[in-house]
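>>> 3D model of this:
(chains A and B)
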Amino acid sequence: EAQVTQNPRYLITVTGKKLTVTCSQNMNHEYMSWYRQDPGLGLRQIYYSMNVEVTDKGDVPEGYKVSRKEKRNFPLILESPSPNQTSLYFCASSLGGAANEQYFGPGTRLTVT
Amino acid sequence: GQQLNQSPQSMFIQEGEDVSMNCTSSSIFNTWLWYKQDPGEGPVLLIALYKAGELTSNGRLTAQFGITRKDSFLNISASIPSDVGIYFCAGRVTGANSKLTFGKGITLSVRP
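Below is the predicted model:
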(Lines give C-alpha, C1' and ligand atoms only; values in the text may rest on other atoms or scores of the structure.)
Protein backbone atom coordinates (compact mmCIF):
# COMPACT_ATOMS: atom_id res chain seq x y z
CA GLU A 1 0.00 0.00 0.00
CA ALA A 2 1.33 3.43 -1.01
CA GLN A 3 1.80 5.46 2.12
CA VAL A 4 3.74 7.92 4.22
CA THR A 5 4.55 6.65 7.70
CA GLN A 6 5.66 8.60 10.74
CA ASN A 7 7.01 7.47 14.08
CA PRO A 8 6.23 7.94 16.82
CA ARG A 9 2.57 8.97 16.56
CA TYR A 10 2.60 10.47 20.06
CA LEU A 11 5.50 11.76 22.09
CA ILE A 12 5.77 13.56 25.40
CA THR A 13 9.21 14.83 26.27
CA VAL A 14 11.00 17.41 28.37
CA THR A 15 12.70 20.63 27.40
CA GLY A 16 16.17 20.13 25.98
CA LYS A 17 16.02 16.39 25.35
CA LYS A 18 16.97 15.74 21.73
CA LEU A 19 14.44 13.81 19.67
CA THR A 20 13.92 12.56 16.14
CA VAL A 21 10.64 12.00 14.35
CA THR A 22 11.02 9.62 11.45
CA CYS A 23 9.22 9.84 8.13
CA SER A 24 9.29 7.26 5.38
CA GLN A 25 7.48 6.96 2.06
CA ASN A 26 7.26 3.97 -0.27
CA MET A 27 6.14 5.80 -3.41
CA ASN A 28 9.59 6.74 -4.75
CA HIS A 29 8.70 10.41 -4.38
CA GLU A 30 11.43 13.00 -4.86
CA TYR A 31 9.81 15.79 -2.83
CA MET A 32 9.31 15.52 0.93
CA SER A 33 8.28 18.12 3.46
CA TRP A 34 7.59 18.66 7.15
CA TYR A 35 4.73 20.79 8.48
CA ARG A 36 3.47 21.75 11.87
CA GLN A 37 -0.21 22.37 12.51
CA ASP A 38 -1.34 24.66 15.30
CA PRO A 39 -4.85 25.91 16.13
CA GLY A 40 -5.66 29.08 14.25
CA LEU A 41 -2.40 28.99 12.29
CA GLY A 42 -3.08 26.17 9.87
CA LEU A 43 -0.27 24.15 8.28
CA ARG A 44 3.13 25.80 8.25
CA GLN A 45 6.08 24.36 6.40
CA ILE A 46 9.21 23.67 8.45
CA TYR A 47 11.66 22.19 5.94
CA TYR A 48 11.43 20.56 2.57
CA SER A 49 13.60 18.43 0.31
CA MET A 50 13.36 18.34 -3.46
CA ASN A 51 15.61 15.29 -3.73
CA VAL A 52 18.32 13.30 -1.95
CA GLU A 53 20.87 15.57 -0.25
CA VAL A 54 18.82 18.67 -1.20
CA THR A 55 17.04 20.35 1.71
CA ASP A 56 15.87 23.89 2.34
CA LYS A 57 14.08 25.96 4.94
CA GLY A 58 10.36 26.47 4.90
CA ASP A 59 8.49 29.19 6.74
CA VAL A 60 9.25 28.14 10.34
CA PRO A 61 12.62 26.30 10.42
CA GLU A 62 14.00 27.66 13.70
CA GLY A 63 14.74 24.91 16.21
CA TYR A 64 14.55 22.09 13.66
CA LYS A 65 16.96 20.13 11.50
CA VAL A 66 16.39 17.61 8.73
CA SER A 67 18.43 15.29 6.59
CA ARG A 68 17.77 13.45 3.33
CA LYS A 69 20.37 10.74 2.90
CA GLU A 70 18.00 8.36 1.14
CA LYS A 71 15.03 9.01 -1.08
CA ARG A 72 12.48 7.28 1.14
CA ASN A 73 13.42 8.82 4.52
CA PHE A 74 13.23 12.38 5.80
CA PRO A 75 13.70 12.58 9.58
CA LEU A 76 12.91 15.70 11.58
CA ILE A 77 15.33 16.44 14.39
CA LEU A 78 14.74 18.68 17.39
CA GLU A 79 18.14 19.17 18.99
CA SER A 80 16.83 20.99 22.06
CA PRO A 81 13.04 20.96 22.13
CA SER A 82 11.18 23.78 23.82
CA PRO A 83 7.52 24.07 24.87
CA ASN A 84 6.71 26.28 21.88
CA GLN A 85 7.44 23.27 19.67
CA THR A 86 4.46 21.45 21.15
CA SER A 87 2.41 20.82 18.05
CA LEU A 88 1.01 18.32 15.57
CA TYR A 89 3.62 17.45 12.94
CA PHE A 90 2.99 16.09 9.47
CA CYS A 91 5.35 14.69 6.90
CA ALA A 92 4.30 14.78 3.26
CA SER A 93 5.70 13.65 -0.06
CA SER A 94 5.00 14.23 -3.73
CA LEU A 95 6.17 12.91 -7.07
CA GLY A 96 8.70 14.99 -8.96
CA GLY A 97 11.04 17.51 -7.49
CA ALA A 98 8.34 20.04 -6.79
CA ALA A 99 5.46 20.62 -4.43
CA ASN A 100 2.76 18.91 -6.46
CA GLU A 101 -0.03 16.75 -5.09
CA GLN A 102 1.28 16.03 -1.62
CA TYR A 103 0.43 12.90 0.33
CA PHE A 104 0.49 13.26 4.10
CA GLY A 105 1.47 10.94 6.89
CA PRO A 106 -0.82 10.31 9.86
CA GLY A 107 0.84 12.92 12.07
CA THR A 108 2.94 13.01 15.23
CA ARG A 109 1.57 14.78 18.26
CA LEU A 110 4.47 16.19 20.25
CA THR A 111 4.22 17.66 23.72
CA VAL A 112 7.26 19.35 25.25
CA THR A 113 7.01 20.10 28.96
CA GLY B 1 3.86 36.20 0.89
CA GLN B 2 1.00 34.41 -0.76
CA GLN B 3 -2.09 33.78 1.31
CA LEU B 4 -5.13 31.67 0.72
CA ASN B 5 -8.32 32.84 2.33
CA GLN B 6 -10.99 30.43 3.44
CA SER B 7 -14.06 31.57 5.27
CA PRO B 8 -16.02 31.09 7.34
CA GLN B 9 -13.93 29.11 9.82
CA SER B 10 -16.85 26.77 10.53
CA MET B 11 -19.95 25.65 8.66
CA PHE B 12 -22.95 23.77 9.98
CA ILE B 13 -25.29 22.01 7.58
CA GLN B 14 -28.08 19.45 7.67
CA GLU B 15 -27.52 15.95 6.31
CA GLY B 16 -28.58 15.85 2.68
CA GLU B 17 -27.80 19.49 1.97
CA ASP B 18 -25.26 20.72 -0.54
CA VAL B 19 -22.41 22.95 0.61
CA SER B 20 -19.95 25.13 -1.25
CA MET B 21 -16.58 26.39 -0.02
CA ASN B 22 -14.42 29.09 -1.56
CA CYS B 23 -10.72 29.68 -1.53
CA THR B 24 -9.40 33.04 -2.70
CA SER B 25 -6.08 34.78 -3.10
CA SER B 26 -4.60 37.98 -4.43
CA SER B 27 -1.89 35.93 -6.19
CA ILE B 28 -2.18 33.83 -9.33
CA PHE B 29 -1.92 30.08 -8.79
CA ASN B 30 -1.15 27.37 -11.33
CA THR B 31 -2.29 24.49 -9.15
CA TRP B 32 -5.20 24.13 -6.76
CA LEU B 33 -5.64 21.22 -4.39
CA TRP B 34 -8.43 20.37 -1.98
CA TYR B 35 -7.77 18.26 1.12
CA LYS B 36 -9.92 16.85 3.89
CA GLN B 37 -8.63 16.15 7.38
CA ASP B 38 -10.46 13.84 9.76
CA PRO B 39 -9.86 14.24 13.50
CA GLY B 40 -6.52 12.72 14.51
CA GLU B 41 -5.49 12.02 10.92
CA GLY B 42 -3.38 13.61 8.22
CA PRO B 43 -4.95 15.58 5.37
CA VAL B 44 -6.14 13.45 2.46
CA LEU B 45 -6.09 14.75 -1.09
CA LEU B 46 -9.59 15.03 -2.57
CA ILE B 47 -9.17 16.81 -5.89
CA ALA B 48 -6.31 18.38 -7.86
CA LEU B 49 -6.82 21.10 -10.50
CA TYR B 50 -4.22 22.28 -12.99
CA LYS B 51 -5.95 24.46 -15.61
CA ALA B 52 -7.94 27.66 -15.34
CA GLY B 53 -11.63 26.87 -15.72
CA GLU B 54 -11.12 23.17 -15.03
CA LEU B 55 -14.05 21.46 -13.34
CA THR B 56 -13.33 18.09 -11.74
CA SER B 57 -15.55 15.68 -9.83
CA ASN B 58 -14.78 12.94 -7.35
CA GLY B 59 -18.01 11.23 -6.34
CA ARG B 60 -20.18 13.81 -4.59
CA LEU B 61 -17.38 16.36 -4.66
CA THR B 62 -16.86 18.88 -7.42
CA ALA B 63 -14.10 21.48 -7.56
CA GLN B 64 -13.32 24.24 -10.02
CA PHE B 65 -10.19 26.19 -10.85
CA GLY B 66 -11.29 29.82 -11.19
CA ILE B 67 -10.90 31.59 -14.52
CA THR B 68 -8.87 34.40 -12.93
CA ARG B 69 -6.55 31.74 -11.39
CA LYS B 70 -7.00 33.48 -8.04
CA ASP B 71 -9.73 31.30 -6.66
CA SER B 72 -11.19 27.83 -6.45
CA PHE B 73 -14.32 26.33 -5.01
CA LEU B 74 -15.30 22.94 -3.66
CA ASN B 75 -18.88 21.72 -3.70
CA ILE B 76 -20.17 18.77 -1.70
CA SER B 77 -23.57 17.50 -2.74
CA ALA B 78 -26.05 15.51 -0.64
CA SER B 79 -23.90 15.69 2.49
CA ILE B 80 -23.62 12.71 4.82
CA PRO B 81 -22.32 12.48 8.42
CA SER B 82 -18.88 11.22 7.33
CA ASP B 83 -18.31 14.48 5.44
CA VAL B 84 -17.52 16.02 8.82
CA GLY B 85 -13.94 17.28 8.98
CA ILE B 86 -11.66 20.15 8.07
CA TYR B 87 -11.43 21.10 4.40
CA PHE B 88 -8.24 22.80 3.25
CA CYS B 89 -7.45 24.42 -0.02
CA ALA B 90 -3.84 24.55 -1.17
CA GLY B 91 -2.19 26.08 -4.18
CA ARG B 92 1.09 26.55 -5.90
CA VAL B 93 2.06 29.93 -7.26
CA THR B 94 3.51 30.00 -10.75
CA GLY B 95 7.27 29.65 -10.51
CA ALA B 96 7.25 28.61 -6.86
CA ASN B 97 8.03 24.94 -7.30
CA SER B 98 9.21 24.47 -3.78
CA LYS B 99 6.09 25.01 -1.77
CA LEU B 100 2.38 24.80 -1.47
CA THR B 101 0.41 27.54 0.22
CA PHE B 102 -2.38 26.29 2.47
CA GLY B 103 -5.59 27.93 3.58
CA LYS B 104 -6.45 27.67 7.27
CA GLY B 105 -9.32 25.33 6.60
CA ILE B 106 -13.07 25.23 7.12
CA THR B 107 -14.49 22.90 9.77
CA LEU B 108 -17.65 21.28 8.45
CA SER B 109 -20.29 19.86 10.78
CA VAL B 110 -23.19 17.82 9.45
CA ARG B 111 -26.32 17.47 11.57
CA PRO B 112 -28.13 14.13 11.10
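
>>> so how far is the first residue of stretch A:76-89 from its last?
10 Å (C-alpha to C-alpha, to the nearest Å).

>>> all strands of chain A, in order?
Under the criterion DSSP state E, chain A contains strands at A:4-7, A:10-13, A:19-25, A:31-38, A:42-51, A:54-57, A:65-66, A:76-78, A:87-94, A:103-104, A:108-112.

>>> what does stretch A:77-88 contact?
A:13-21, A:36-38, A:63-67, A:107-113 (C-beta atoms under 8 Å, 6 or more residues apart in numbering or on different chains). Every C-beta, even on glycine, is put in place using the N, C-alpha and C of the backbone.

>>> can you tell me which residues contact B:Leu33?
Taking C-beta under 8 Å, 6+ apart, one finds A:Glu101, A:Gln102, B:Leu45, B:Ile47, B:Ala48, B:Leu49, B:Cys89, B:Ala90, B:Gly91, B:Leu100 in contact with B:Leu33.

>>> Filter those down to the ones in strands?
B:Leu45, B:Ile47, B:Ala48, B:Leu49, B:Cys89, B:Ala90, B:Gly91.

>>> quick one on the thing from earlier: for the strands of chain A, give me a markdown table that also has mean neighbour count.
Below are the strands of chain A laid out as a markdown table (neighbours: other C-beta atoms under 10 Å in any protein chain shown):
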| stretch | mean neighbour count |
| --- | --- |
| strand A:4-7 | 18 |
| strand A:10-13 | 13 |
| strand A:19-25 | 18 |
| strand A:31-38 | 24 |
| strand A:42-51 | 21 |
| strand A:54-57 | 14 |
| strand A:65-66 | 18 |
| strand A:76-78 | 19 |
| strand A:87-94 | 24 |
| strand A:103-104 | 20 |
| strand A:108-112 | 19 |
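
>>> With mean pLDDT as added columns, please give those in a markdown table.
A markdown table is the format used below for those (pLDDT from 0 to 100):
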| stretch | mean pLDDT |
| --- | --- |
| strand A:4-7 | 98 |
| strand A:10-13 | 97 |
| strand A:19-25 | 98 |
| strand A:31-38 | 96 |
| strand A:42-51 | 93 |
| strand A:54-57 | 94 |
| strand A:65-66 | 98 |
| strand A:76-78 | 98 |
| strand A:87-94 | 96 |
| strand A:103-104 | 95 |
| strand A:108-112 | 98 |
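
>>> between these, which one is nearest to B:Leu108?
Nearest to B:Leu108 among those is strand A:42-51; the distance by C-beta to C-beta comes to 15.8 Å.

>>> Which strands and helices lie in contact with that closest one?
strand A:31-38, strand A:54-57, strand A:65-66 (3 or more C-beta pairs under 8 Å, 6 or more residues apart in numbering or on different chains; DSSP states H and E).

>>> if I pick the residue nearest to the spatial centre of chain A, what's in contact with it?
In chain A, the residue lying closest to the centroid (C-alpha atoms, centre = their mean) is A:Trp34, at 3.0 Å. By C-beta under 8 Å, 6+ apart, the contact list for A:Trp34 reads A:23, A:45-48, A:58, A:64, A:66, A:74, A:76, A:89-92.
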